[in-house]
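**Student:** based on what follows, work out the 3D shape:
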Amino acid sequence: MDRLPSGSDVVDGQPVAAVDMVAALTAAQFVFEDGATQSFTAAGRTTYVENGVPSDGEWSVAGDGSFASFWPPAYRATYAVRWIVADGARVGVGFTDTRSGAHYAGRYR
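**Tutor:** From the prediction side, this is the model:
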């Protein structure tokens with residue numbers, strides 16, 4: 001995960017800056033609490049795998065730093081993204097749906 005922004009100035013729960021979003025999302029595959037995984041590419045593609053079944057989508061960063069995802073044919077969502085930090089190291093990010101408030105914690109694999 002050497003592609004993550006360097007420095008120890010990030011604390012748990014701090015928003016991921018828009019300028020750091022690509023590095024934060026593409027550093028490694030994410031594993032969620034339910035065992036699902038998700039991978040992101042710098043080209044704006046994502047694959048989510050739940051119970052062995054993959055689904056492909058697209059993602060982007062809005063000007064305000066929020067994370068937007070699109071899952072064909074019509075599902076769209078916007079998330080606030082915050083660092084998960086443990087023992088001074090970035091170990092993942094949390095996604096909070098800006099409409100529903102649902103939260104998903106993804107830890108780097």
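
**Student:** assign the most centrally placed residue in the chain to helix, strand or coil.
**Tutor:** The centre of the chain sits closest to residue 25, judged by C-alpha atoms, centre = their mean, with a distance of 4.9 Å. When classified by DSSP: H, G, I helix; E, B strand; the rest coil, residue 25 comes out as helix.

**Student:** is it correct that it is in contact with residue 60?
**Tutor:** No: assessed by C-beta atoms under 8 Å, residue 25 is found out of contact with residue 60, at 10.7 Å. In this view, the C-beta of every residue, glycine as well, is placed from N, C-alpha and C.

**Student:** overlap of the contact sets of these two?
**Tutor:** Taking C-beta atoms under 8 Å, 6 or more residues apart in numbering as the criterion, residue 25 and residue 60 both touch residue 67.

**Student:** picking up where we left off before, quick one: contacts for the residue nearest to the residue nearest to the centre of the chain when sequence neighbours are not counted?
**Tutor:** Nearest in space to residue 25, with sequence neighbours left out and distances taken as C-beta to C-beta, 6 or more residues apart in numbering, is residue 40 at 4.1 Å. Shown in contact with residue 40 (C-beta under 8 Å, 6+ apart): 25-26, 46, 59.

**Student:** again with residue 17
**Tutor:** Shown in contact with residue 17 (C-beta under 8 Å, 6+ apart): residue 65.

**Student:** what about it, distance to residue 67?
**Tutor:** According to C-beta to C-beta, to the nearest Å, residue 17 stands 12 Å off from residue 67.

**Student:** identify the contacts common to the two.
**Tutor:** Residues within reach of residue 17 and of residue 67 at once, by C-beta under 8 Å, 6+ apart: there are none.

**Student:** tell me where the model's unsure across the protein.
**Tutor:** Along the chain, the model assigns pLDDT under 70 to residues 1-8.
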